[in-house]
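Peer 1: A structural model of the following input is requested.
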Amino acid sequence: MSSSLRSALVPQHKEFNSFGIIKNLWDQKVIIFLTAAVIASAFAAYAFSVTPVYKVSSILRPAAINELDALNRSEVYVLPPSEALVRVGMALESYEIRMGFFRSNQKLFEGFVRPGQTLQQAFEEFNKKSINLILANKDKVDALGSYLELELNYPKGIDGVSILNGFIKYAIANERDQISADLTVIVNNRLKEIDGRLATARSAYDTWKEAKIASLTESDNIRRAQLKDELQGLRIQLHSLSSNRIAELDEAIAIAKKLNIRMPASPTSVGDDVHSGSITMRTEINNQQIPLYFMGVNALEAERTALLQRKSNDFTERRIAQIAKELKLLESNREIEVLKSRVNDELFLNDVQPLRAEKARLLTVNKDMSHLKLVVIDKQALEPTTPISPNRLLLITGGGLLGLIIGCALAFFRTVIHRLRDPKVL
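Peer 2: Okay, the predicted model is just below:
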């Protein structure tokens, strides 16, 4: 096919200039503005028909050190402010605590329950989409800028402020109750431990006391038996000595009678003539024991008679009196009597004063944490003035701009179509 024929069959198009395009668009301004108005109206209808969604938030910060001083000084439970903030954050994020608040305040959540939904399903949707916890400085929770922010998105008609503020109070109260319960358990466990150690000390003391009394009693019994044995032995000894003395006296009396010694004499005087008229005084030195019969019959018989008349020989031995004294003392052991008469044995327990002091201190620990300030509510949830969605102004403006673009596109395409049909059209 020749180029002239192709040119005849295919019409040649003129290029559009800018001025011509603007003129054609302005000529179709009615269509453009009408399209923009329709689309803007549609966006406006959507913006005013959809249920507005509002957003509230609350910020929590660590409490001052002095707020937790009473709890930390108890030396039972240590809770730094940063850890208290984390614990409250864990409570706010706890599924169980959220469910507990949801169930106990169902009237506040009626707007979240859609027809056909169960309570559990409504809570699941609320928990996933409506509430969000933000923890700042997760790596440094003790920093000055650390805080917790709890956000709640809710549709119009729901008291979101009451829900958020109420939930925060509920979570903090729940955490206080948990700390109080933990503190009670810890104190009770320590008291039980101290009571067990005191019971062990009492048992040890009772065992020592019984052993001491038994030891003293046994010692007294042994000593008493030893003294009685010694006393019996001394009496037998004295009786034997007395019998031997009597036998010696009988023998000496017989000898003295044969020697006709009636009165005490000496060996040298026995041979002298007793009838001599002269009076002689002699001094005799002799280192040998003089036989007993020189005592004379009279003295020997007198001694024998006295020995035979004795009913007891105890007085002749001083040790017997001492034994009687010791036996009398052993009739009552004062130490045993004092041990048995103790009214309060608790006073005599060893190494229990620190335990008693610790027990007294634990009994004074305040386990009521209802007024404990775990965190500071730096910003409470307040009623919002505008919804976060839909943004009506943005939607209407956007709809208008979109309508203008679509209107311009329609006008442009109409111009192109007309030119294709009639090449003479600008």
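
Peer 1: Next, please give the residue ranges for the helices of the stretch 101-250 of the chain.
Peer 2: 119-129, 160-259 (DSSP state H, counting those that start in this stretch).

Peer 1: and those, which one's lowest on average pLDDT?
Peer 2: When mean pLDDT is averaged over each of those, helix 119-129 scores lowest at a mean of 86.

Peer 1: report the angle between the axes of that helix and helix 160-259?
Peer 2: Helix 119-129 runs at 100 degrees relative to helix 160-259, counting by axes from the mean of the first three to the mean of the last three CA atoms, to 10 degrees.

Peer 1: can you dump the C-alpha coordinates of helix 119-129 into PDB?
Peer 2: Provided in PDB are the C-alpha atoms of helix 119-129 (Å, rounded to 0.1, in the frame of the first residue of the first chain):
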ATOM      1  CA  LEU A 119     -19.800 -11.900  75.900                       C
ATOM      2  CA  GLN A 120     -16.500 -13.800  75.300                       C
ATOM      3  CA  GLN A 121     -16.500 -12.800  71.700                       C
ATOM      4  CA  ALA A 122     -17.200  -9.200  72.400                       C
ATOM      5  CA  PHE A 123     -14.400  -9.100  74.900                       C
ATOM      6  CA  GLU A 124     -12.000 -10.700  72.500                       C
ATOM      7  CA  GLU A 125     -12.700  -8.100  69.900                       C
ATOM      8  CA  PHE A 126     -12.500  -5.300  72.400                       C
ATOM      9  CA  ASN A 127      -9.200  -6.700  73.800                       C
ATOM     10  CA  LYS A 128      -7.600  -6.900  70.300                       C
ATOM     11  CA  LYS A 129      -8.800  -3.800  68.600                       C
END
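
Peer 1: Which secondary structure elements does it sit against?
Peer 2: Under the contact criterion of 3 or more CB pairs under 8 Å, 6 or more residues apart in numbering; DSSP states H and E, helix 119-129 touches helix 95-104. All C-beta atoms are positioned from the backbone trio N, CA, C, and that covers glycine.

Peer 1: tell me the average confidence for the helix it packs on?
Peer 2: Helix 95-104 comes out at a mean pLDDT of 91.

Peer 1: so where's the chain uncertain?
Peer 2: Within the chain, the stretches with pLDDT under 70 are 1-18, 20-21, 46-47, 49-50, 137-145, 269-288, 390-392, 395, 422-426.

Peer 1: quick one: contacts for the residue most central in space within it?
Peer 2: Centroid-nearest residue in the chain: residue 186, 3.0 Å away (criterion: CA atoms, centre = their mean). When contacts are counted by CB atoms under 8 Å, 6 or more residues apart in numbering, residue 186 is found next to 76, 77.

Peer 1: I'd like to know how far it sits from residue 132.
Peer 2: According to CB to CB, to the nearest Å, residue 186 stands 34 Å off from residue 132.

Peer 1: ranges for the strands of this protein?
Peer 2: Ranges of strands within the chain are 53-62, 131-135, 148-155, 375-379, based on DSSP state E.

Peer 1: and the first one, C-alpha only, in CSV?
Peer 2: Taking C-alpha atoms only, strand 53-62 is exported to CSV below (Å, rounded to 0.1, in the frame of the first residue of the first chain):
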residue,chain,number,x,y,z
VAL,A,53,-14.7,6.7,66.8
TYR,A,54,-13.0,8.5,69.7
LYS,A,55,-9.7,8.0,71.4
VAL,A,56,-8.7,8.6,75.0
SER,A,57,-5.5,7.9,76.8
SER,A,58,-3.9,8.0,80.3
ILE,A,59,-0.3,8.2,81.3
LEU,A,60,1.2,6.5,84.4
ARG,A,61,4.6,7.2,85.8
PRO,A,62,6.7,5.7,88.6
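
Peer 1: what residues does it touch?
Peer 2: 81-82, 84-85, 88-89, 142, 146-156, 160-161, 164-165, 168, 375-384, 387-389.

Peer 1: For the residues you listed, which ChimeraX command selects only the ones that are buried?
Peer 2: Only the buried entries of those go into this ChimeraX selection, using 16 or more other CB atoms under 10 Å:
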select :81,82,84,85,88,89,146,147,148,150,152,153,154,155,160,161,164,165,168,375,381,387,389
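
Peer 1: State the distance from residue 126 to residue 169.
Peer 2: 18 Å.

Peer 1: Compute the first-to-last residue distance for stretch 329-343.
Peer 2: With CA to CA, to the nearest Å as the measure, stretch 329-343 spans 25 Å from end to end.

Peer 1: still on that earlier bit, format the strands of the chain as a markdown table; extra columns: distance to residue 68.
Peer 2: Output for those, formatted as a markdown table (distance: least, CB to CB, whole Å):
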| stretch | distance to residue 68 |
| --- | --- |
| strand 53-62 | 10 |
| strand 131-135 | 20 |
| strand 148-155 | 17 |
| strand 375-379 | 10 |
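
Peer 1: out of the ones you listed, nearest to residue 369?
Peer 2: Closest approach to residue 369 among the strands of the chain (CB to CB): strand 375-379, 13.4 Å.

Peer 1: what's the angle between the closest one and helix 160-259?
Peer 2: 170 degrees.

Peer 1: Counting by contacts, list what strand 375-379 packs against.
Peer 2: strand 53-62, helix 81-93.

Peer 1: got the angle for the shortest one vs helix 81-93?
Peer 2: Going back to what we said before, that points to strand 53-62. 150 degrees.

Peer 1: How about strand 53-62, which residues are buried there?
Peer 2: 53, 54, 55, 56, 57, 58, 59, 60, 61, 62.

Peer 1: And it, how far out from the chain middle?
Peer 2: 35 Å (CA atoms, centre = their mean, to the nearest Å).

Peer 1: now do the longest one
Peer 2: Between the mean C-alpha point of helix 81-93 and the mean C-alpha point of its chain there is a distance of 21 Å (CA atoms, centre = their mean).

Peer 1: Which other helices and strands does it contact?
Peer 2: strand 53-62, strand 131-135, strand 148-155, helix 160-259, strand 375-379.

Peer 1: Give me the residues contacting that helix.
Peer 2: Contact with helix 81-93 is made by 60-65, 67-68, 79, 97, 133, 135, 141-142, 146-148, 150, 167-168, 171-172, 174-175, 178, 374-375, as judged by CB under 8 Å, 6+ apart.

Peer 1: Perfect, I'm done here.
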